[in-house]
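In: Only the shape, not the letters, is given here:
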């Protein structure tokens, strides 16, 4: 049903590294937040058998009413994005020093969250 409201976009994409799928899914949820809101407000959703399932209700409530959820998605994406670049280095043909790459990633994360240095 989601594809009807997102111009046939998939929520997940196949990717070389498995854990990156979670990152891509979060990014997709953020990008298509309005499509989700349209879907959850539609007559098609209201008459769907999914609406009786507790998991579906929880997801709908998160997407429709919880702005903190959207902020957390953005936070996760900012944190993970530099790490994804390191994973691409590992998966790629070009070899670089992992310690240097990890140090650069740590520095980027600290710069993105200057108020949260204790968390990094």
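Out: All right, it came through fine. Computed from a predicted structure; not experimentally measured. Numbering: from 1, shown residues only.
In: Check which helix or strand the residue nearest to the spatial centre of the chain maps to.
Out: The residue lying closest to the centre of the chain (CA atoms, centre = their mean) is residue 26, at 1.3 Å. Residue 26 is located in helix 20-31, with elements delineated by DSSP states H and E.
In: Buried ones in the following helix or strand past that helix, by neighbour count?
Out: Downstream of helix 20-31, the next assigned helix or strand under DSSP H and E is helix 33-40. Residues of helix 33-40 classed as buried by neighbour count (16 or more other CB atoms under 10 Å): 35, 36, 39, 40. For every residue, glycine as well, the C-beta is placed using N, CA and C.
In: Dump the residues you listed to TSV, plus distance to residue 87 and pLDDT.
Out: What follows is those, written out as TSV (distance: CB to CB, whole Å; pLDDT from 0 to 100):
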residue	distance to residue 87	pLDDT
35	28	91
36	27	87
39	31	92
40	33	90
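In: Need the max-distance pair from those residues.
Out: Based on CB to CB, the longest span within the buried residues of helix 33-40 runs between 35 and 40 and measures 9.8 Å.
In: which helices and strands sit right next to the biggest helix by length in the chain?
Out: As assigned by DSSP state H, the longest helix anywhere in the chain is helix 67-91. The contact analysis (3 or more CB pairs under 8 Å, 6 or more residues apart in numbering; DSSP states H and E) places helix 67-91 against helix 20-31, helix 98-112.
In: which residue packs closest to residue 26, ignoring adjacent ones?
Out: Spatial nearest neighbour of residue 26, excluding adjacent residues (CB to CB, 6 or more residues apart in numbering): residue 73 at 5.2 Å.
In: doesn't residue 39 make contact with residue 2?
Out: Yes: judged on CB atoms under 8 Å, residue 2 makes contact with residue 39 at a distance of 5.8 Å.
In: for this structure, which spans come out with low pLDDT?
Out: Residues of the chain meeting the criterion pLDDT under 70: 11-19, 90-96, 98, 116-120.
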